[in-house]
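Visitor: this one's structure only:
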């Protein structure tokens with residue numbers, strides 16, 4: 001009759017694979033100065049996971065990782081081992097990296113906190129951005145590099161889609177009677193050669209947030225002044 005352990009393994013193939021992985025043997029690492037292996041060096045994967053805090057500290061000192069010495073950098077993969085501030089899991093991860101185990105690299109720390117940190121940890125389609133994603137101020141998954149390029153193009157006047165919505169059609173505006181009387185006198189001033197009217201648009205450059213805000217405020221003041229002048233001419237106050 002099969003034992004209880006064999007029956008459990010038969011029902012769970014993943015358990016058998018896990019046990020085989022934990023039973024894998026490790027080659028003991030010797031001290032570069034003495035050529036002797038530490039007595040607590042783990043000989044299997046399961047022994048590595050059972051190392052205590054005192055054993056890890058002793059291993060780090062034995063292999064010259066806790067105290068900086070010239071022998072520290074004679075090992076294949078030296079690690080930083082400060083005297084304070086390390087948890088048991090940090091020490092186990094550092095020692096695993098020291099002896100060459102996979103999956104013991106330094107984990108990535110979150111770059112934000114609070115609401116911003118949660119948004120950064122959540123999956124976002126920005127990873128597959130090709131540089132032309134659709135801009136929408138109401139979209140929470142807006143691509144920051146693309147949005148900054150969009151703002152720079154709008155400020156520089158190179159964005160056609162935005163300039164079509166912002167510009168005014170001159171033909172559809174009502175002509176001011178006062179402007180007709182001054183047309184002949186100002187004709188000579190308005191007649192300019194095509195070379196004089198043409199100009200080269202400056203190349204767009206990266207703007208800071210303060211420059212963008214200052215430009216927006218200046219544009220708003222100019223629009224308000226133009227609107228006030230139009231009201232005075234039409235008699236609407």
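Guide: Yep, it's here. Note that the structure is a prediction, hence the values are computed from the model and not measured.
Visitor: The residue lying closest to residue 23 once chain neighbours are set aside pairs with what?
Guide: Sequence neighbours aside, residue 44 is the residue nearest to residue 23 in space, at 6.0 Å (criterion: CB to CB, 6 or more residues apart in numbering). Yep, even glycine has a C-beta here, placed from its N, CA and C like the rest. Going by DSSP bridges, residue 44 is paired in beta bridges with residue 25.
Visitor: Going by contacts, tell me the helices and strands next to the longest helix seen in the chain.
Guide: If you go by DSSP state H, the chain has its longest helix at helix 209-234. Under the contact definition 3 or more CB pairs under 8 Å, 6 or more residues apart in numbering; DSSP states H and E, helix 209-234 sits against helix 144-156.
Visitor: at 10 Å instead, please
Guide: The contact analysis (3 or more CB pairs under 10 Å, 6 or more residues apart in numbering; DSSP states H and E) places helix 209-234 against helix 144-156, helix 177-181.
Visitor: mean pLDDT lowest for which of the ones you listed?
Guide: With a mean of 50, helix 177-181 has the lowest mean pLDDT of the helices and strands packed on helix 209-234.
Visitor: Number of residues surrounding the residue nearest to residue 23?
Guide: Residue 44 is flanked by 13 other residues according to other CB atoms under 10 Å.
Visitor: list the contacts for it?
Guide: By CB atoms under 10 Å, 6 or more residues apart in numbering, the contact set of residue 44 is 22-26, 50.
Visitor: May I ask which of those residues has the most neighbours?
Guide: residue 26 (15 neighbours).
Visitor: I figured that residue hits residue 49, correct?
Guide: No - at 11.6 Å, residue 26 and residue 49 do not qualify as touching, with contact defined as CB atoms under 10 Å.
Visitor: Which neighbours do those two have in common?
Guide: Shared contacts of residue 26 and residue 49, defined by CB under 10 Å, 6+ apart, comprise residue 42.
Visitor: Could you dump the contacts of residue 44 into CSV and include pLDDT and distance to residue 93?
Guide: Output for these, formatted as CSV (pLDDT from 0 to 100; distance: CB to CB, whole Å):
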residue, pLDDT, distance to residue 93
22, 90, 17
23, 91, 21
24, 92, 18
25, 93, 21
26, 93, 16
50, 94, 15
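Visitor: Tell me where the model's unsure across this structure.
Guide: Applying pLDDT under 70 to the chain picks out residues 1-2, 108-148, 150-152, 154-207, 209, 233-237.
Visitor: make it 50
Guide: Across the chain, the ranges flagged by pLDDT under 50 are 114-127, 134-142, 162-175, 179, 181-199.
Visitor: For residue 222, see how far away residue 95 is.
Guide: Distance of residue 95 to residue 222, given as CB to CB, to the nearest Å: 66 Å.
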